[in-house]
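Q: The following block contains a protein sequence and its predicted model.
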Amino acid sequence: MRKLLSFLCMLVMLTAFCGVAGAAERQPLKVAQFPLIVQSSWLEPGLEVTDDLERQIDRALHVPLNGTLHRVEYLPEKDCLAAWDEAAAESSSRKVKDRAKAIADKLGADLVVIPIVNDYVQYTTMSWHWDRDIILHSYVSLELVVYDRATDKAVDKKASRFYDDDYSTTGTASYLAREAMTDLIQQVNLRGYIWNRPDADSKADGSADKQASAGDGQTTVKK
């Protein structure tokens, strides 16, 4: 039994060593993960909601033991925002998708991830019914832009949610925004950009284009 345990321990250590050695030979993936960009002209999500939405992106891009494996290098936020300003000043297009490649070039990034809040609305009115219930009106529209240097493609997905009914915590703009962000992360297969990277051979034969299909889309759900 002791020999078996010793063998298993050695096997685990050897596997870990090989993983670290392989990571040392491989250049880390440079990821430009932007903070939440708010473009809503109505309301802005509060700090707690903003943090929650950014944490959803964090979890999708998280690499366990990255400090040891060095699989990903997360570029500084200030550098990302500086590249954003430069690309915006140089581009005639108002679409973030059209600037994503330029941002990647300025940062030397392999992957650019930009979460955006385009609309964030919430207000209440009184019902005309005899019970005079409070009616909640909420609408959110989120966007997620991802540029991948491996395929030289930018994906731009949108998701929106609205609610018009008796007041409910599941109808608040904050709740709808979290739902929409979850939808976007799944739509673009954000985790796949980290774990399903095309290797050199797949790039050469063109099969890299198969990673995470790109395209504009919108999902609207009424509660």
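A: Looks like it came in fine. Numbering: from 1, shown residues only.
Q: Could you use CA atoms for every contact and neighbour count after this?
A: Noted.
Q: all strands for this protein, in order.
A: Here the chain has its strands, by DSSP state E, at 29-33, 37-38, 72-74, 111-126, 134-148, 153-166, 218-222.
Q: Can you lay out the ones you listed as TSV showing mean neighbour count, distance to residue 82 and mean pLDDT?
A: Listed next are the strands of the chain as TSV, based on neighbours: other Cα atoms under 10 Å; distance: least, Cα to Cα, whole Å; pLDDT from 0 to 100:
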stretch	mean neighbour count	distance to residue 82	mean pLDDT
strand 29-33	21	12	98
strand 37-38	16	13	97
strand 72-74	17	15	98
strand 111-126	19	14	97
strand 134-148	22	17	98
strand 153-166	21	20	97
strand 218-222	12	29	36
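Q: quick one, which of those is nearest to residue 56?
A: Residue 56 sits nearest to strand 111-126 of all these, at 10.4 Å, using Cα to Cα.
Q: The closest one pairs with which strands?
A: Next to strand 111-126 in the sheet, as set by DSSP bridges, lie strand 29-33 (parallel), strand 37-38 (parallel), strand 134-148 (antiparallel).
Q: Could you export those to a markdown table, including columns for distance to residue 106?
A: Output for the strands paired with strand 111-126, formatted as a markdown table (distance: least, Cα to Cα, whole Å):
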| stretch | distance to residue 106 |
| --- | --- |
| strand 29-33 | 11 |
| strand 37-38 | 19 |
| strand 134-148 | 13 |
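Q: Give me the pLDDT value at residue 179.
A: Residue 179 carries a pLDDT value of 98.
Q: dump the residue contacts of the residue nearest to residue 167 when sequence neighbours are not counted.
A: Sequence neighbours aside, residue 136 is the residue nearest to residue 167 in space, at 4.9 Å (criterion: Cα to Cα, 6 or more residues apart in numbering). If you count contacts by Cα atoms under 8 Å, 6 or more residues apart in numbering, residue 136 has them with 122, 123, 124, 125, 163, 164, 165, 166, 167, 168, 171, 172.
Q: can you rerun that using 10 Å?
A: Residue 136 sits next to 122-127, 163-169, 171-173 when contact means Cα atoms under 10 Å, 6 or more residues apart in numbering.
Q: related to what we said a few turns ago, let me have the strands of the chain in TSV, adding distance to residue 51 as columns.
A: Shown next, in TSV, are these (distance: least, Cα to Cα, whole Å):
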stretch	distance to residue 51
strand 29-33	14
strand 37-38	12
strand 72-74	18
strand 111-126	12
strand 134-148	15
strand 153-166	19
strand 218-222	23
